[in-house]
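# How does the following fold in three dimensions:
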Amino acid sequence: MDSMSTPAKKDVPPPPAVGSKAPMHPNLVLPSDKPTIIAFLRHCGCPFAEKTFKDLTKLSTWYKDINFVAVSHASAEATERWVVDVGGNWDVNVVIDEERDLYALFGLGMCTTWHVYAPMVTYSALQLGKKENIWNRIPESGSRWQTGGVFAIDKDGLVRWAHVPARADILPDWDAAVQSVGATPRPKPPPPVRTDGFL
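Numbers count the residues shown, from 1 in each chain. Model (predicted):
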């Protein structure tokens, strides 16, 4: 599918509210002995999806008592190649949802042009490329119009935190996500010492 084309319309309810039961689906099995943080990727090619996925893989090595899941609506083959290209999945479970059924269950439908191409989004994409060398990639499959989101779900299946951004470049607050399911955020490293100019 051309990534610029709009996929078939689906019935999309509002995202699950914090405190409500997380939607259930045969393709998404949540463990009952640990909480889950699940990230729905915009598309395999979006720089903000890549940043989200890389952050998720890093978190998966730090928080062994949390189950981390990434959902992709690209094909299994395209997703696998993308995962390898961006550094591997580490301890993140990758779920393929080509029909976007899981996206719809979690209230994630199609976005507007502003969501993707607002001036701030373009600026943020350039900054992400300059600072972290994460640039837009040409997607093999999937749609650029699919919205993403992140949800933290406790071991009882209740949504404890949700991130459904108004623009593609608004990234999750991972400290809030892990804290919502009982984990203690790791201390931030000190900022680098500047050696230019006056101290």
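
# Show me what the lowest-mean-pLDDT helix or strand in the chain is packed up against.
In the chain, no helix or strand scores lower on mean pLDDT, DSSP states H and E than helix 113-117, which sits at a mean of 93. Judged by 3 or more C-beta pairs under 8 Å, 6 or more residues apart in numbering; DSSP states H and E, helix 113-117 has no packing partners among the helices and strands. Just so you know, the C-beta spots here come from the backbone N, C-alpha and C atoms, and that holds for glycine as well.

# how about it: buried residues?
By 16 or more other C-beta atoms under 10 Å, the buried positions in helix 113-117 come out as 115-116.

# which secondary structure elements does whichever helix or strand comes after that helix contact?
Next along the chain after helix 113-117, taking DSSP states H and E as the criterion, comes helix 119-132. If contacts are counted by 3+ C-beta pairs under 8 Å, 6+ apart, helix 119-132 sits against helix 47-62.

# I'd like to check what contacts the helix it packs on. Which residues are they?
If you take C-beta atoms under 8 Å, 6 or more residues apart in numbering as the criterion, helix 47-62 is touched by 37, 39, 41-43, 66, 68, 70, 83, 86-92, 124-125, 128-129, 132, 134-137, 148, 150, 168-169, 171-172, 174, 178, 186.

# Over to residue 162: give its phi and psi.
Phi and psi for residue 162, reported as degrees, to the nearest 10, are phi -140, psi 140.

# The nearest residue to it once chain neighbours are set aside sits in which helix or strand?
With C-beta to C-beta, 6 or more residues apart in numbering as the criterion, residue 162 has its nearest non-adjacent residue at 5.2 Å, and that residue is residue 151. If you go by DSSP H and E, residue 151 is part of strand 149-153.

# residue ranges with poor pLDDT in the chain?
The chain contains residues with pLDDT under 70 at 1-5, 194-199.

# At which residues are the helices of it located?
Taking DSSP state H, the helices of the chain run over residues 47-62, 76-85, 101-105, 113-117, 119-132, 174-180.

# Which one of these lies nearest to residue 8?
In terms of C-beta to C-beta, the element of the helices of the chain nearest to residue 8 is helix 101-105, at 11.0 Å.

# Only alpha carbons, please: show the closest one as CSV.
Extracted in CSV, the C-alpha atoms of helix 101-105 (Å, rounded to 0.1, in the frame of the first residue of the first chain):
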residue,chain,number,x,y,z
ASP,A,101,-7.8,-3.8,14.6
LEU,A,102,-5.7,-3.2,17.7
TYR,A,103,-5.2,0.4,16.8
ALA,A,104,-8.9,0.9,16.4
LEU,A,105,-9.6,-0.9,19.7
